[in-house]
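# Sharing a model that was predicted from the sequence below.
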There are 2 protein chains.
Amino acid sequence: MFRPNNDYLKLRGSYLFSTVAKKQREFQEANPDKEIIRLSIGDVTQPLAPVIIDALHKAVDEMAVAETFKGYAPDLGYEFLRKAAAENDYKARGCDISPDEIFVSDGAKGDCGNIQEIFDKDCKVAVCDPVYPVYVDTNVMAGRTGVFDEVTETWSNVIYMPCTAENNFMPDFPKEVPDIIYLCFPNNPTGGVITKERLQGWVDYANKNGAVIIYDAAYEAYISEQDIPHSIYECEGARTCAIEIHSFSKNAGFTGVRLGYTVIPKDLKSGDVALHSLWARRHGTKYNGAPYIIQRAGEAVYSAEGKKQLSEQVAYYMKNAAYILNGLKSAGYEAYGGVNAPYIWLHTPDNMTSWDFFDMMLEKAGVVGTPGSGFGPSGEHYFRLTAFGSYENTVAAVERIKAM
Amino acid sequence: MFRPNNDYLKLRGSYLFSTVAKKQREFQEANPDKEIIRLSIGDVTQPLAPVIIDALHKAVDEMAVAETFKGYAPDLGYEFLRKAAAENDYKARGCDISPDEIFVSDGAKGDCGNIQEIFDKDCKVAVCDPVYPVYVDTNVMAGRTGVFDEVTETWSNVIYMPCTAENNFMPDFPKEVPDIIYLCFPNNPTGGVITKERLQGWVDYANKNGAVIIYDAAYEAYISEQDIPHSIYECEGARTCAIEIHSFSKNAGFTGVRLGYTVIPKDLKSGDVALHSLWARRHGTKYNGAPYIIQRAGEAVYSAEGKKQLSEQVAYYMKNAAYILNGLKSAGYEAYGGVNAPYIWLHTPDNMTSWDFFDMMLEKAGVVGTPGSGFGPSGEHYFRLTAFGSYENTVAAVERIKAM
């Protein structure tokens, strides 16, 4: 008799954002006349930039003619896109990453979830707390996390690195040395950032202890301040300890277009096993490449006109971020993030739980955010709002919160 | 110190088609003036049909305007596509499959590779031999296949079901009862088909023995004869034992567009665990949906005009298949398939090994095919040619083979 993967059955409830969506839907059904504003899931709202639209149309036309039609893509992605990423995201920042160390995919979420598969099942994982749920959940599904403690809401075999206002949302080195360290800066959900000096400390720590850092750089386009690294490869020694995951969802609005890439330097090895080879094998066996027309859209992101149009789009969202941050502060909230990241992370008033605050916001203000506790135990009493709404909705939401 | 997934290290050499491509590239470099014709990998060559191109352009335009812009897709895929698939691929054939049992993905290869993840690591897998390498390799990577025997070229914990000319390329029920049975009809690589009566036998066998059938229906659009089932759900009882994987690559030329879907009926359970829930959880945690514009292209496949244009495309390739099959037979080869499938499976002459025949075909005829032994030990002394080339190239290849 076939049996299910019991590790899947260990997962807690449903995916955080599915629960948020369900609560929102139920409220809307009960209150059909109320207009809800969603500042919850990190989904963008601005249309694709003209340069992206042009690239998509052009590539679609190529698919209509036998001479320019494209079938299966190369395993790692098209050279034109890997070269553009290597040139603009790395070489231009002084990072030594070659095109053939870049693996194009259909988005950062899949890569964040699948990357753990190339490691031994007994590797010990460390995550920031709060954290993007995908890092932990995919390790649960792989049987790597041990037993869940209902009281502390933690897994016995996961190292949690608390990130709260007390440590400025910056993890300390854990007491127990992990094998795999997930880091995401600018951070989801806290909006916190890391200085180059501090990130260099993590790279040195990983190299010294034989750990690998999985660095999620999904929000690097939102960095506005100096001395904040856009890539972990800006740090010396990162080629022997770091994997970097890159998204096009937030810098180019590709949440519904689906494109991302993962960098694995060829120097990153365990003994004589190069992780680059394992990930290449995974791509070759379980994946068939991102669509040609969408890889062409990705190439357009790096064009001169693309950079101009997309920096305007990022600026649009960051205007929202500033509006939310200032609005919350003027209303007396403790609020963080929002300067180098599209997320605002607020402390709930009167020690309310995150879900109680969620319910109150939904009922009193008609605004949907994401409960901090959904990102981990240290997220309790926090709450995430995103800057990805329209400006008009963002202003309306802040006014409603102020009046709450 | 982090350690790699040792199960990955058990994989044999590189992916079959990568090796074929490498040999072809080396030959071309050594013989730059020779024009090679590729009838190897199952990649299509005809451009996308006009109805698909129109749907893509229209959807791209929607992404350019805030009012119609689409961000993250629903977890299971857009309702419009799931409804179209349920209606046309199932209801129209008398199969009881509802839209919410259909999970839209970026292609059948990923689904074929990932589906094993929802099963216990100790489940025993049965495959046809020869077989599409992805089924076996992904189980190797999951640690499910035991030890490789270099002499027999088989895994100790995999049940092989030989499919040769002797049994008309139709597997017999294995002596040892498996937990998971992979079946693909019309078959890749042999081009063989299964009658409804025989498939009903497999469904009954699975239900009786508590096994699950993973049914790869990637080539159903090529079925030309009566009494050949297009879906396993045409068989009674399949809802409690079968998962079906569907591709748009071969019926609509989407190899570079990327779209597929997997059906898991809600009645398919192990105890009280519904596999539908596990797969939904995988989608929610490790995947972010197929691109909106590409799901719209998928919808167009089911339009009246889409069906007309795509049946012409299939007919084009099947004309190639008939040309290859008849050409090989007239040249004295034992050749199979090619009637309900885009693959022709030939017996190598003079008991040549598959790779020796590959080298001879490449050197003497400049034609690239795929060695049967790459699909499994029972594929030795066989060779696969595909009908996916242009008609002109197909004719030229057959003439060169005849003259060889």
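Now that the structure is in, tell me what you want to look at. Keep in mind it's a predicted model, so treat the numbers as computed, not measured.

# and the residue positioned nearest the centre of chain A, what does it touch?
Relative to the mean C-alpha position of chain A, the nearest C-alpha, by CA atoms, centre = their mean, is the one of A:A218, at 4.7 Å. The neighbours of A:A218, taking CB atoms under 8 Å, 6 or more residues apart in numbering or on different chains as the test, are A:A108, A:C184, A:N188, A:I245, A:H246, A:S247, A:S249, A:K250. Quick note: C-beta positions are derived from backbone N, CA and C, even for glycine.

# Output those residues as JSON lines; include the columns secondary structure, pLDDT and neighbour count.
Putting these into JSON lines (DSSP: H, G, I helix; E, B strand; the rest coil; pLDDT from 0 to 100; neighbours: other CB atoms under 10 Å in any protein chain shown) gives the following:
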{"residue": "A:A108", "secondary structure": "helix", "pLDDT": "97", "neighbour count": "27"}
{"residue": "A:C184", "secondary structure": "strand", "pLDDT": "98", "neighbour count": "25"}
{"residue": "A:N188", "secondary structure": "coil", "pLDDT": "97", "neighbour count": "25"}
{"residue": "A:I245", "secondary structure": "strand", "pLDDT": "98", "neighbour count": "24"}
{"residue": "A:H246", "secondary structure": "strand", "pLDDT": "98", "neighbour count": "24"}
{"residue": "A:S247", "secondary structure": "strand", "pLDDT": "98", "neighbour count": "25"}
{"residue": "A:S249", "secondary structure": "coil", "pLDDT": "97", "neighbour count": "25"}
{"residue": "A:K250", "secondary structure": "coil", "pLDDT": "94", "neighbour count": "26"}
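
# now the residues you listed as a markdown table including distance to chain B?
Below are those laid out as a markdown table (distance: CB to the nearest CB, whole Å):
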| residue | distance to chain B |
| --- | --- |
| A:A108 | 9 |
| A:C184 | 16 |
| A:N188 | 14 |
| A:I245 | 13 |
| A:H246 | 15 |
| A:S247 | 10 |
| A:S249 | 8 |
| A:K250 | 11 |
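
# Residues in a beta bridge with the spatially closest residue to the residue nearest to the centre of chain A that is not a sequence neighbour, which ones?
Nearest non-adjacent residue to A:A218, counting by CB to CB, 6 or more residues apart in numbering or on different chains: A:S247, 4.0 Å away. As for beta bridges, A:S247 partners with A:G260 under DSSP bridges.

# got the contact list for A:S247?
Residues in contact with A:S247 (CB under 8 Å, 6+ apart) are A:G107, A:A108, A:A217, A:A218, A:F254, A:G260.

# just the helices in chain A please.
A:6-9, A:16-30, A:50-62, A:79-85, A:108-114, A:133-141, A:196-209, A:275-286, A:292-301, A:304-330, A:354-360, A:391-402 (DSSP state H).

# export those helices to a markdown table and tack on distance to A:T68?
Compiled in a markdown table, the helices of chain A are given as follows (distance: least, CB to CB, whole Å):
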| stretch | distance to A:T68 |
| --- | --- |
| helix A:6-9 | 43 |
| helix A:16-30 | 39 |
| helix A:50-62 | 4 |
| helix A:79-85 | 14 |
| helix A:108-114 | 28 |
| helix A:133-141 | 37 |
| helix A:196-209 | 43 |
| helix A:275-286 | 25 |
| helix A:292-301 | 10 |
| helix A:304-330 | 22 |
| helix A:354-360 | 50 |
| helix A:391-402 | 40 |
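
# quick one: which of these has the weakest pLDDT on average?
Ranked on mean pLDDT, the bottom entry among the helices of chain A is helix A:16-30, at a mean of 89.

# wait, does that helix contact chain B?
Yes: contact of helix A:16-30 with chain B (CB under 8 Å from any CB of the partner chain) involves A:S18.

# Same check on stretch A:324-344?
No: judged by CB under 8 Å from any CB, stretch A:324-344 stays clear of chain B, getting no closer than 13.5 Å.

# The residue nearest to A:A218 and B:K10, how far apart?
Per CB to CB, to the nearest Å, A:S247 is found 32 Å from B:K10.

# give the contact list for the residue nearest to A:L76 when sequence neighbours are not counted.
Using CB to CB, 6+ apart and skipping residues adjacent in sequence, the residue nearest A:L76 is A:F103, 5.3 Å away. Neighbour list for A:F103: A:L76, A:G77, A:D111, A:Y261, A:T262, A:V263, A:I264, A:W279, A:A280, A:H283 [criterion: CB under 8 Å, 6+ apart].

# Would you check that my belief about the third one contacting A:V104 is correct?
No: the pair formed by A:D111 and A:V104 falls short of the contact definition of CB atoms under 8 Å, at 10.0 Å.

# Please enumerate the shared neighbours of the two.
A:G260, A:Y261.

# So for stretch A:71-89, what gets flagged as buried?
For stretch A:71-89, the neighbour count (16 or more other CB atoms under 10 Å in any protein chain shown) marks A:71-73, A:75-78, A:81-86, A:89 as buried.
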